[in-house]
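*Asks:* show me the folded form of this:
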Amino acid sequence: GVQTCALPICYARAKHFTPALNAELRHPIQQGSADAEASGDSGGDLKFETSDFATRRAIKFFCAAIFCAMLFWTARCSAFVLSVDADTGAPLHWPVEESVPRRMEPIRFFLVDETWSATNRVAELNAIRAAFGQWQSIPGTLLRFEEGGVLHAQPDIVDPADGTNIVRWINTRGLINGGTVSLAGILGLTLTSYRADGTMLGADIVLNGTEIEWFTDFNDRNNPAFFAETTLLHEIGHLLGLDHSPAGASLMHPRGGTGVDARFGIGADEIAFARANYGTGTGFAHLAGKVTMRGAGVFGAAVSVEDS
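*Replies:* Predicted coordinates:
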């Protein structure tokens, strides 16, 4: 299959060339909730049918502890949305060899000598390299990228199924990828090809150079143009198998802003994705067991684990 993921201005969603071209988010994160009911007196305290004051106070303390624990863990949770094959539901991923230790070949990419600005060419090519570098710097993952060189621009070099992963600006209007995809109204676009089991075969990233103005200087934070590295980080997320996120401040949110906005950089959600899908398989432990007191199980016990 082939898929397309893009960022509308706003980001267009990643395009996967499957029967469901430009399909809406297929597997949004399900946000569950649990409601608890309790009767209360006029003072707002919980009301329990017991005459044991110590018991009542212990139960109140227990409820307060559970509430605080929920707040504690909620503040530290991470979530991400995977791109999947529209037919099989298989998550898109680059191949990882499930050996001991796990292994993964570097993902090779090529640049194109036609950038958005002839006067800022070096900085724009370096923005691409820096974006890949940020993803590669996530600790505890197998992610490695290898630059294959700078290719000469051709009229339609975009083809995710040709085995050459390219990243480039498109500075001419019209359709790309053999006349099948338009960049109109889009900041960036990622086109991927993959097998039915979700194994990636290739990916191309293109940025809109006809409708969009770009800049590369991180210190020029209020520049009214779009910061190239933010869009590139987003599109590389698609290249690795991420879909759009509903979280407003997430790097993978489908709408991008000008300047250096709050979405810049690899966040906790993207780190969680990289470790879950491309983790080294080392440095993790499993905790299992039963919390008891005087030989009996403890109801509602909370167990936390900290780094030593």
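*Asks:* please count neighbours and contacts with C-alpha atoms only from this point.
*Replies:* Will do.
*Asks:* residues contacting the residue sitting nearest the centre point of the chain?
*Replies:* Centroid-nearest residue in the chain, with CA atoms, centre = their mean: Glu270, separated by 4.3 Å. Contacts for Glu270 (CA atoms under 8 Å, 6 or more residues apart in numbering) come out as Phe80, Gly237, Leu251.
*Asks:* out of those residues, the closest to Glu97 would be?
*Replies:* Closest approach between the contacts of Glu270 and Glu97, by CA to CA: Gly237, at 20.7 Å.
*Asks:* circling back to that earlier point, among the contacts of Glu270, which are located in strands?
*Replies:* Among the contacts of Glu270, the subset assigned to strands under DSSP state E is empty.
*Asks:* show me how to select, in ChimeraX, the buried members of those.
*Replies:* To isolate the buried members of the contacts of Glu270 in ChimeraX, using 16 or more other CA atoms under 10 Å:
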select :80,237,251
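*Asks:* redo the contacts of Glu270 as CSV? Include distance to Arg263 and pLDDT.
*Replies:* Shown next, in CSV, are these (distance: CA to CA, whole Å; pLDDT from 0 to 100):
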residue, distance to Arg263, pLDDT
Phe80, 15, 91
Gly237, 13, 97
Leu251, 5, 93
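*Asks:* pipe the contacts of Glu270 into JSON lines and attach distance to Phe109 per row.
*Replies:* Formatted as JSON lines, those follow (distance: CA to CA, whole Å):
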{"residue": "Phe80", "distance to Phe109": "24"}
{"residue": "Gly237", "distance to Phe109": "14"}
{"residue": "Leu251", "distance to Phe109": "21"}
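*Asks:* out of the contacts of Glu270, flag the one nearest to Thr292.
*Replies:* Closest to Thr292, out of all of the contacts of Glu270 and judged by CA to CA, is Phe80, at 35.0 Å.
*Asks:* wait, that closest one touches Ser245, no?
*Replies:* Yes. Using CA atoms under 8 Å, Phe80 is in contact with Ser245, at 6.4 Å.
*Asks:* check which residues of stretch 258-270 are buried.
*Replies:* Going by 16+ other CA under 10 Å, stretch 258-270 has these buried residues: Thr258, Gly259, Val260, Arg263, Phe264, Gly265, Ile266, Ala268, Asp269, Glu270.
*Asks:* what's the answer for stretch 80-94, then?
*Replies:* For stretch 80-94, the buried set under the neighbour-count rule, 16+ other CA under 10 Å, comprises Phe80, Val81, Leu82, Ser83, Val84, Asp85, Ala86, Ala90, Pro91, Leu92, His93, Trp94.
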